[in-house]
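Peer 1: Sharing a model prediction with you, sequence too.
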Amino acid sequence: MKIVYPHMGYMWICIKAMLEYLDVEVVVPPPSSKKTLLLGVKHAPEFACMPLKLNLGNFMEAAELGADTMVMAGGCGPCRFGYYAHVEHAILRDLGYQYQLVVLEPPQKHIGELLGKIKHITGHQSWRKVINGIRFGYHKAEAVDELEKTANYCRPREIKPGTTDRALQAALKEVIAADTPEKLPAARKRAFEIMRSVPVDRLRPVLRIGLVGEIYTLLEPFTNQDIERKLGGMGVEVDRSIYLSEWINEHLFLGLVKNKRSSKTAREKAVKYLGHFVGGHGLETVGNTVLYAEQGYDGVIQMLPFTCMPEIVAQSILPRVSTETGIPTMTLIVDEQSGEAGLVTRLEAFVDLLARKKQTGEVLA
Amino acid sequence: MSVTVGIPRALLYYYYYPQWETFFNRLGVKTLVSRETTRGLLEKGLKSTVDEACLPVKLAVGHVLDLKDRVDYIFLPRIVSTARREYICPKFLGFPDMVRNNIDNLPPLLDYKMDLYRKGSSMYNLFYAVGRYFTRNPARIYMAYQASLKSLHSHYRDMEAGQLPVETGDKHNRKECDVTIAVIGHPYNIYDRYISMNMLKRLRDYGARVVTADNLPEYVLRAEAEKLPKQLFWTLNQRMVGAAFYYFNRPEVDGLIHVASFGCGPDSMTGELIERFARRCSRKPLLSLTIDEHTGEAGMVTRLEAFMDMVRWRLNLDNVAASL
Ligand code: SF4
């Protein structure tokens, strides 16, 4: 059994760690690229959202590397994601791929459901080992998140352009290389030392922008065209409203790990504008925008794949949030046609606007 | 002094209107349904919604605008779920908020939720909350609710007997039809004359009898939909898939038309499943139409005509084959 799971940002690092610790053979698909997307676009339904198309491409590319079992997350709606695995499987089957399908659904009541599926994949490992494996994967996710957060802090402040990104890549390598839980703490320490060696100007004034929106778009740099790096380069400190480990904690561990940022506050903040959950992260998108406004951020960018339903609900509510709280917002919709140049122009215009607003604000104050 | 409650002719209106009307009338409340869709009405909706919203949602906003200045309340229930462990679509969950945050000077919205997701939940919660606006007498609300259920069930029976939601009498499905076409799509797409560009009537003019998912009892739809690898969690799309699978196997049905909204999330999934199913298991002609506000009438007519020709040609071929 050679397992493949689709890409979503750096998620592969944490799942690979977990599965290999459990002696499961893993095929990591090549990083999502234009080619991946083309494959997906060719075979997926036209109005499927971009994540589905990329997943499909990931699976097709991984098959060439010998993968035979696809592992996908599932769900019970109302967002389409919950049905992806089956549509993708049907498409692959019609194309002649011999994939076995395992769907890991967020547990309805009890984490046991999820553990059961994991046990199926891992064969005859003891529970104890499985749990250690999950913990290992989770700790890697945490480490990666911390590194990314540090990078978001450094980028707009770095003295020499490009140093942060080089450091981040080197630091990630350290974390990836740690192949047992015992080696992880030391690797993590080395990784942070690398990040700390980036020379930064702590006093430089920066703009702060919060990123909200659909999780796949937020986490997958290929889809969002590396927006965090682009903004960083324009002198913006970025905060992403959700990080991988937070998502794992909320959706897979049902909040078992304490002291993590949870979306509860965001959901409470949203109520004034949106009185019900709408699937996906629609409610969180609205609520986090309110939160960012309260925390004095300069702006908010919402990202969503074309045709994403929960985010469209949020999108149609954000203008009101923006008028009432005074925080400028911008919505970016990604699809297979989004060009890089267009994005950069729009980002620059938005950042300009924020900078000017900030200046006049300071003059008035 | 009598008050008027406005009901938009959109979204689930086509399923529930008889129930809603009965309920309000029993409470002595007048109802006013928005006018039939026109270009002007749609355009108002387009202006007040984000571009990315699907056509039915934009249209529903247009219908709300049509009522806005003519009624005391607008009945806009938040339809979370109409069946256990199922939803309609994320947009239905947020619809009242989309309206409220985009339109100023609205009359009060009666936007209590209808949520049958959990076992043991009932529609009564919605009606009780709404009824409280108009009477303090719980017994009256309860009686009105019971009467409304009766209307709803007789509406269902009529549909299962072959009627479609928007019509009365038997003048439509004429006897001399030689072919039967199943039209599979969201009720608010296929029954809205403007949005569907009068598709149902056109088909009848071509001599076809039209059937839809609503002519089938719930249990048939559900049983058919079980052919899917995993149960769908969208009620309407589950009905669509169930109906498609059923009609694919019925000898009296000669062709199917699948109508999807441009940019509709659930339709993108179920359309794909229906097409794959058709290719694997059926010889019946299938026409897939996607509609949005730019769809031209001429193009659709051409495609419908071509499709009807193909259906008839197939039919003749089969008859010839049978006589050999
Ligand atoms: S089901 Fe499709 S057409 Fe209906 S509201 Fe949702 S996205 Fe729009």
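Peer 2: Sure thing, it's come through.

Peer 1: just checking, what packs against the one helix or strand residue B:139 maps to?
Peer 2: Secondary-structure assignment from DSSP states H and E places residue B:139 in helix B:138-160. Here helix B:138-160 touches helix B:13-26, helix B:124-131, going by 3 or more CB pairs under 8 Å, 6 or more residues apart in numbering or on different chains; DSSP states H and E. (C-beta placed from N, C-alpha, C; glycine too.)

Peer 1: For the ligand, what is the nearest residue in chain A?
Peer 2: Distances between chain A and the ligand by CB to the nearest ligand atom are smallest at residue A:309, namely 5.6 Å.

Peer 1: my read: that residue touches residue B:265, true?
Peer 2: Yes: look at residue A:309 against residue B:265 with CB atoms under 8 Å: they come within range, at 4.5 Å.

Peer 1: okay, which residue is most central for chain A?
Peer 2: Centrality entry for chain A: nearest residue to the mean C-alpha point is residue A:219, 2.1 Å, by CA atoms, centre = their mean.

Peer 1: about what we covered before: identify the residues contacting the closest residue to the residue of chain A closest to the ligand other than its chain neighbours.
Peer 2: Leaving aside its sequence neighbours, residue A:309 sits nearest to residue B:90 (CB to CB, 6 or more residues apart in numbering or on different chains; 4.0 Å). Residues near residue B:90 by CB atoms under 8 Å, 6 or more residues apart in numbering or on different chains: A:78, A:79, A:278, A:279, A:280, A:282, A:309, A:310, A:313, B:265.

Peer 1: now do residue A:358
Peer 2: A:207, A:298.

Peer 1: where's it relative to residue B:293, distance?
Peer 2: Going from residue A:358 to residue B:293 by CB to CB, to the nearest Å gives 39 Å.

Peer 1: Next: residue A:46.
Peer 2: 17 Å.

Peer 1: Might you report the residue contacts of residue B:195?
Peer 2: Contact analysis of residue B:195 by CB under 8 Å, 6+ apart lists B:37, B:42, B:55, B:56, B:59, B:188, B:189, B:291.

Peer 1: mind running it again at 10 Å?
Peer 2: B:10, B:37, B:42, B:55-56, B:59, B:185-186, B:188-189, B:259, B:261, B:291-293, B:295 (CB atoms under 10 Å, 6 or more residues apart in numbering or on different chains).

Peer 1: which of those tops the neighbour count?
Peer 2: With neighbours taken as other CB atoms under 10 Å in any protein chain shown, the top of the contacts of residue B:195 is residue B:59, carrying 29 neighbours.

Peer 1: pretty sure residue B:274 is in contact with residue B:268, am I right?
Peer 2: No: Residue B:274 is beyond contact range of residue B:268, at 11.3 Å (criterion: CB atoms under 10 Å).

Peer 1: and for these two, which residues touch both?
Peer 2: Common neighbours of residue B:274 and residue B:268, counting by CB under 10 Å, 6+ apart, are residue B:260.

Peer 1: For the closest residue to the ligand within the stretch 151-300 of chain B, report the pLDDT, please.
Peer 2: Closest approach between the stretch 151-300 of chain B and the ligand, counting by CB to the nearest ligand atom: residue B:264, at 3.1 Å. Looking at residue B:264, its pLDDT stands at 88.

Peer 1: doesn't residue A:103 make contact with residue A:113?
Peer 2: No: contact criterion CB under 10 Å: residue A:113 and residue A:103 do not qualify, at 11.4 Å.

Peer 1: Pick out whichever of these two has more residues nearby.
Peer 2: Counted by other CB under 10 Å, residue A:113 and residue A:103 do not tie: residue A:103 has more neighbours, with 18 against 14.

Peer 1: List the contacts of the host helix or strand of that one.
Peer 2: When secondary structure is defined by DSSP H and E, residue A:103 falls within strand A:100-104. Strand A:100-104 is contacted from outside by A:1, A:3, A:5, A:68-75, A:82, A:84-86, A:88-90, A:92-93, A:113-114, A:116-118, A:120-121, A:252, B:229-230, using CB under 10 Å, 6+ apart.

Peer 1: Can you give the distance from that strand to the centre of its chain?
Peer 2: 21 Å (CA atoms, centre = their mean, to the nearest Å).

Peer 1: Would you tell me which residues of the stretch 201-350 of chain A are close to chain B?
Peer 2: For the stretch 201-350 of chain A, the residues in contact with chain B (CB under 10 Å from any CB of the partner chain) are A:270, A:272-280, A:282-283, A:286, A:304, A:306-321, A:323-324, A:331, A:333.

Peer 1: just the buried members of the residues you listed?
Peer 2: Of the members of these, the ones counted as buried by neighbours, 16 or more other CB atoms under 10 Å in any protein chain shown, are A:270, A:273-280, A:282-283, A:286, A:304, A:306-318, A:320-321, A:331, A:333.

Peer 1: just to revisit the earlier point, which of the contacts of strand A:100-104 fall in helices?
Peer 2: The helices, defined by DSSP state H, take in A:82, A:84-86, A:88-90, A:92-93, A:113-114, A:116-118, A:120-121 from the contacts of strand A:100-104.

Peer 1: where do the helices sit along the stretch 1-150 of chain B?
Peer 2: Taking DSSP state H, counting those that start in this stretch as the criterion, the stretch 1-150 of chain B carries its helices at B:13-26, B:39-47, B:55-68, B:90-100, B:124-131, B:138-160.

Peer 1: Need those in JSON lines (columns: mean pLDDT).
Peer 2: As requested, those are arranged in JSON lines below (pLDDT from 0 to 100):
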{"stretch": "helix B:13-26", "mean pLDDT": "95"}
{"stretch": "helix B:39-47", "mean pLDDT": "95"}
{"stretch": "helix B:55-68", "mean pLDDT": "96"}
{"stretch": "helix B:90-100", "mean pLDDT": "94"}
{"stretch": "helix B:124-131", "mean pLDDT": "96"}
{"stretch": "helix B:138-160", "mean pLDDT": "95"}
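
Peer 1: the helices in the stretch 151-300 of chain A, which residues?
Peer 2: Secondary structure of the stretch 151-300 of chain A by DSSP H, counting those that start in this stretch: the helices cover A:163-177, A:184-196, A:215-219, A:227-233, A:244-247, A:264-270, A:282-294.

Peer 1: next SSE after the helix or strand where residue B:247 lies?
Peer 2: Using DSSP H and E, residue B:247 maps to helix B:235-248. Moving toward the C-terminus from helix B:235-248, the next helix or strand (DSSP H and E) is strand B:255-261.

Peer 1: and that following strand with helix B:235-248, angle?
Peer 2: 160 degrees (axes from the mean of the first three to the mean of the last three CA atoms, to 10 degrees).

Peer 1: quick one: is strand B:255-261 near chain A?
Peer 2: Yes: under the criterion of CB under 10 Å from any CB, chain A is reached by strand B:255-261 at B:260, B:261.

Peer 1: any bit of that strand sitting next to the ligand?
Peer 2: Yes: legend: contact between strand B:255-261 and the ligand by CB under 6 Å from any ligand atom is shown at residue B:261.

Peer 1: that older thread, right, and the residue of the stretch 151-300 of chain B closest to the ligand touches residue B:55 too?
Peer 2: Yes: here residue B:264 lies in contact with residue B:55, judged by CB under 10 Å, at a distance of 8.3 Å.

Peer 1: Find residues that contact each of these two.
Peer 2: B:189, B:290, B:291, B:292.

Peer 1: could these go into a markdown table alongside secondary structure, pLDDT and distance to chain A?
Peer 2: Formatted as a markdown table, these follow (DSSP: H, G, I helix; E, B strand; the rest coil; pLDDT from 0 to 100; distance: CB to the nearest CB, whole Å):
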| residue | secondary structure | pLDDT | distance to chain A |
| --- | --- | --- | --- |
| B:189 | helix | 95 | 14 |
| B:290 | strand | 92 | 8 |
| B:291 | strand | 90 | 12 |
| B:292 | coil | 86 | 11 |
